[in-house]
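**Q** What shape does this take:
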Amino acid sequence: MAPDGSGTAELSLRPLVEPVTAVDAATTCGEIDRSFRNRWTFSSIIVLPAGPGTGPGLVSRSRFLATMAGHRGYGRLQWQNRAIGELASWDAPTLRLSASLAEAVLLVEDSPEGYGDLLVVDDRGAPVGIVRPVRVMQALADRAVRQAATDPLTGVASRPHLLGQLASRLADVGTGTGAVVVAYVDLDRLKAVNDLLGHTWGDTLLRSVVKRIRTRLVASDVIGRLGGDEFAVVRSVPPHDAADAERLGLELGEELRLAVGAADARLPSGVHSRASVGIAVDTSGETSADALLHAADQAMYCAKSAGGDCTRLAGQAAHRPSSWAEDHRLEVVYQPIVDLATKTLVAVEALLRQRNVDGGLDGPVAALDEAQRAGMALDLDRWVLDRACRDMAAWQAELGPAAPDAVHVNLAADSLANANLVSAVLDTIDATGLPRNHVRLELSERAGVTDLEEAIDRLEEIARNGVRIALDDLGASLDTLRVLDRLPIDALKIDRSVVVGAGSETLVDTAMLTLLVTLARRLDLELVGEGVELAADESTLLTAGVHLMQGFRYSHPIPAQDLVNLLAPKPVPSPRPPSEPSTHASPAEQPAALLGTQQHP
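**A** Predicted coordinates:
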């Protein structure tokens, strides 16, 4: 292992060294010629130093024989009685026996004679043999293959190598040879160890876990590290046990869980972890390696959601998005988008929130991260989209013209990369009965330029089918501006940081706001200012020419029914008797008063 912990150990030169004959410098070329032609198979021979203070030399077989042949066969007549020392390369590339493979590679590449043999000497300078360049390059290639197939930290299979092995096992199952079990193992405490004690102890824990897992494996099992604190074990089940593959898989999962949870006396008390284990089984050979691993990953997530330190079988404990959202106490709330020019509420943004144990609402970051980890990003987006569309349809039925014109729904970065994105979006909207043009998808702030570029074709198909699209959080970074004119969008949303910065006359933010307004006008895009909280924020946007705004100044995110109460036409109060005192508007009516009339022009 390298001192830096990278695990890239340098291969020793010793296995590549070939012993060859060493001859005295005075030996005649004729003697060498007869030996090369009748006895020796060496690619080179060593010539011993001709005198004190000099080093050994090297004679290449191919060059020597070419010299002895000479022009028209006269070489032997010219050289047979001359000393071999006259033909030796006394400055041949030389390596110490203790040198590394990397040093040998550099010497081969820098050799003035091309890819000739390397002379190897011991620490005292005495010759011990040669290394042929072809063996150096083969060793380098072998090391690259091993590194690609091996996790450098733990020494187990890398993710690509594990998937290759899994695909091979599945192909065997397709020919009727049993079943394949995949156990997906996730440590429950690695982050805590890294945070409290440092990554060095975290790495030590990972290596310890691998050693303990290996004690529960059979010779044909393959263990690989998938990244971070996640491992997988692939086991082949023989034909006579294929009917019991699920039971055997669960038994394997329990063995691995117990192995991870076992104490390692060499580690401090704080360096330990439990494990959540997911099991997936294939008996048909028709499942792809990626799909089977993903199924095991989802089962592992179900184990983690159940509290961790347990094993779950794929298909038995898988969560539907609705039940998953319910288990995680997720709710959808709505924040108005208002037009200050007309004093109307023109749209709402659907926002995911998580109800905490105290009854309050928290942001969605933890839930989104868990959904991404479980491979459920698109499923969760569909759940939010379904809720938002059904609420929007209900508002239209109850409020008529007073209903918002559009509901904005965020898409996760992982959803953008999903091949089923188009059908998932369109089918979800259509199932609610809401016309597609009343939905505007907001491209997630987590999506980078690469995510957006790779999703352009899918987004264009969605837009062609009537769904509107907005680019969120413009100005938070400059990256997304590069793809602005290539995305099928009809709206931009200005990040709060730009609004606040421009209000403070910060040079960059002021220029950014001006740029976004100019771009929106040239590209004929709606422009919405986000995070408007103060009168100063509102004034900044109005001065810049932005009239659509969203933020706490107008309304906090509210439940669907509260939006109905906010927008429903209020009955005109009967005239009060002169003696009856007037009353202030109730808190529920105050946002409506702030927004003014809610009827669209």
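**Q** what's the closest non-adjacent residue to the spatially most central residue of the chain?
**A** Centrality entry for the chain: nearest residue to the mean C-alpha point is residue 227, 9.1 Å, by C-alpha atoms, centre = their mean. Excluding its sequence neighbours, the residue lying closest to residue 227 (C-beta to C-beta, 6 or more residues apart in numbering) is residue 159, at 6.6 Å. For the C-beta atoms, the positions are set from N, CA and C on the backbone; glycine is no exception.
**Q** List the contacts of that neighbour.
**A** Remark: with contacts taken as C-beta atoms under 8 Å, 6 or more residues apart in numbering, residue 159 is in contact with 224, 225, 226, 227.
**Q** if we can go back for a sec, does the residue nearest to the centre of the chain have beta-bridge partners, and which?
**A** When bridges are assigned using DSSP bridges, the partners listed for residue 227 are residue 230.
**Q** any idea how far it is from residue 418?
**A** When C-beta to C-beta, to the nearest Å is the yardstick, residue 227 and residue 418 sit 20 Å from each other.
**Q** How about residue 138?
**A** Between residue 138 and residue 418 the computed distance is 43 Å (C-beta to C-beta).
**Q** out of those two, which sits in the busier spot?
**A** Between residue 138 and residue 418, counted using other C-beta atoms under 10 Å, the more crowded position is residue 418 (19 against 12).
**Q** The more buried one reaches residue 376, doesn't it?
**A** No. Counting by C-beta atoms under 8 Å, no contact exists between residue 418 and residue 376, whose distance comes to 10.8 Å.
**Q** what kind of secondary structure is residue 98 in?
**A** Local secondary structure at residue 98 is given as coil here, using DSSP: H, G, I helix; E, B strand; the rest coil.
**Q** neighbours of it, just the number please.
**A** When neighbours are defined as other C-beta under 10 Å, residue 98 has 11 of them.
**Q** Who's the closest spatial neighbour of it, skipping the chain neighbours?
**A** residue 123 (6.9 Å).
**Q** do residue 536 as well
**A** Nearest-residue entry for residue 536: residue 503, 5.1 Å, with adjacent residues in sequence omitted and distances by C-beta to C-beta, 6+ apart.
**Q** Residue 29 too?
**A** By the measure of C-beta to C-beta, 6+ apart, the closest residue to residue 29 outside its immediate chain neighbours is residue 79, 4.4 Å from it.
**Q** Near that neighbour, how many other residues are there?
**A** Using other C-beta under 10 Å as the criterion, residue 79 is surrounded by 21 other residues.
**Q** do you know how far it is from residue 45?
**A** Relative to residue 45, residue 79 is positioned 15 Å away (criterion: C-beta to C-beta).
**Q** Next: residue 92.
**A** In terms of C-beta to C-beta, residue 92 sits 11 Å off from residue 45.
**Q** Spit out the residues that contact these two alike.
**A** Overlap between the contact sets of residue 92 and residue 45, as judged by C-beta under 8 Å, 6+ apart, is given by residue 58.
**Q** mind checking the longest strand of the protein?
**A** Under DSSP state E, the strand in the chain containing the largest number of residues is strand 344-355.
**Q** Give me the buried positions along that one.
**A** For strand 344-355, a neighbour-count test (16 or more other C-beta atoms under 10 Å) marks 344, 345, 346, 347, 348, 349, 350, 351, 352, 353, 354 as buried.
**Q** residues contacting the fourth one?
**A** When you say that, I think you mean residue 347. Neighbour list for residue 347: 336, 337, 404, 405, 406, 407, 408, 440 [criterion: C-beta under 8 Å, 6+ apart].
**Q** Switch the residues you listed over to CSV; also include distance to residue 22 and secondary structure.
**A** Below are those laid out as CSV (distance: C-beta to C-beta, whole Å; DSSP: H, G, I helix; E, B strand; the rest coil):
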residue, distance to residue 22, secondary structure
336, 90, strand
337, 87, strand
404, 91, coil
405, 92, coil
406, 87, strand
407, 86, strand
408, 82, strand
440, 82, strand
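**Q** By neighbour count, which of those wins?
**A** Within the contacts of residue 347, most neighbours by other C-beta under 10 Å means residue 337, with 28 neighbours.
**Q** one step back: can you get me a residue count around the residue nearest to residue 98?
**A** 8.
**Q** Now do the strands in the stretch 151-300 of the chain.
**A** Using DSSP state E, counting those that start in this stretch, the strands assigned to the stretch 151-300 of the chain run over residues 179-187, 222-227, 230-237, 275-282.
**Q** Neighbouring strands - and their directions - for the longest one?
**A** Take DSSP bridges as the rule and strand 179-187 pairs in its sheet with strand 230-237 (antiparallel), strand 275-282 (antiparallel).
**Q** and the closest residue to residue 245 other than its chain neighbours, how many neighbours does it have?
**A** Nearest residue to residue 245 in three dimensions, chain neighbours excluded: residue 179, at 3.9 Å (C-beta to C-beta, 6+ apart). A count of neighbours around residue 179, defined by other C-beta under 10 Å, yields 25.
**Q** now the end-to-end length of stretch 118-130.
**A** From its first residue to its last, stretch 118-130 covers 5 Å (C-alpha to C-alpha, to the nearest Å).
**Q** Got the domain ranges for this protein?
**A** Taking automatic domain parsing as the criterion, the chain consists of the domains 14-144, 150-318, 330-567.
**Q** I'd like those laid out as a markdown table, including mean pLDDT.
**A** Converted to a markdown table, the domains of the chain look like this (pLDDT from 0 to 100):
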| stretch | mean pLDDT |
| --- | --- |
| domain 14-144 | 87 |
| domain 150-318 | 87 |
| domain 330-567 | 90 |
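**Q** could the strands of the stretch 151-300 of the chain go into CSV alongside distance to residue 512?
**A** Converted to CSV, the strands of the stretch 151-300 of the chain look like this (distance: least, C-beta to C-beta, whole Å):
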stretch, distance to residue 512
strand 179-187, 41
strand 222-227, 36
strand 230-237, 40
strand 275-282, 44
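**Q** what about the ones you listed, which gets the closest to residue 28?
**A** With C-beta to C-beta as the measure, strand 222-227 is the member of those nearest residue 28 (59.7 Å).
**Q** and the angle for that closest one with strand 179-187?
**A** 40 degrees (axes from the mean of the first three to the mean of the last three C-alpha atoms, to 10 degrees).
**Q** What are the buried residues along stretch 140-160?
**A** Applying a neighbour-count criterion of 16+ other C-beta under 10 Å, the buried positions in stretch 140-160 are 140, 143, 149, 150, 151, 154, 156, 157, 158.
**Q** ok so, going back, pretty sure the residue nearest to residue 98 sits against residue 95.
**A** No. Under the contact definition of C-beta under 8 Å, residue 123 does not touch residue 95, with a separation of 11.8 Å.
**Q** quick one on the thing from earlier: CA atoms of the longest strand of the chain as PDB?
**A** Output for strand 344-355, consisting of C-alpha atoms alone and laid out as PDB, is shown next (Å, rounded to 0.1, in the frame of the first residue of the first chain):
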ATOM      1  CA  THR A 344     -53.200  39.200  -9.300                       C
ATOM      2  CA  LEU A 345     -52.100  35.700  -8.300                       C
ATOM      3  CA  VAL A 346     -51.100  34.100 -11.700                       C
ATOM      4  CA  ALA A 347     -49.500  30.800 -10.600                       C
ATOM      5  CA  VAL A 348     -48.300  28.700  -7.700                       C
ATOM      6  CA  GLU A 349     -45.300  26.600  -7.100                       C
ATOM      7  CA  ALA A 350     -45.800  23.200  -5.600                       C
ATOM      8  CA  LEU A 351     -43.200  22.700  -2.800                       C
ATOM      9  CA  LEU A 352     -42.400  19.400  -1.100                       C
ATOM     10  CA  ARG A 353     -42.200  19.600   2.700                       C
ATOM     11  CA  GLN A 354     -41.600  17.000   5.500                       C
ATOM     12  CA  ARG A 355     -43.700  17.100   8.700                       C
END
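**Q** Going along the chain from that strand, find the next helix or strand for me.
**A** Proceeding C-terminally, strand 344-355 gives way to strand 361-362 as the next helix or strand, assigned by DSSP states H and E.
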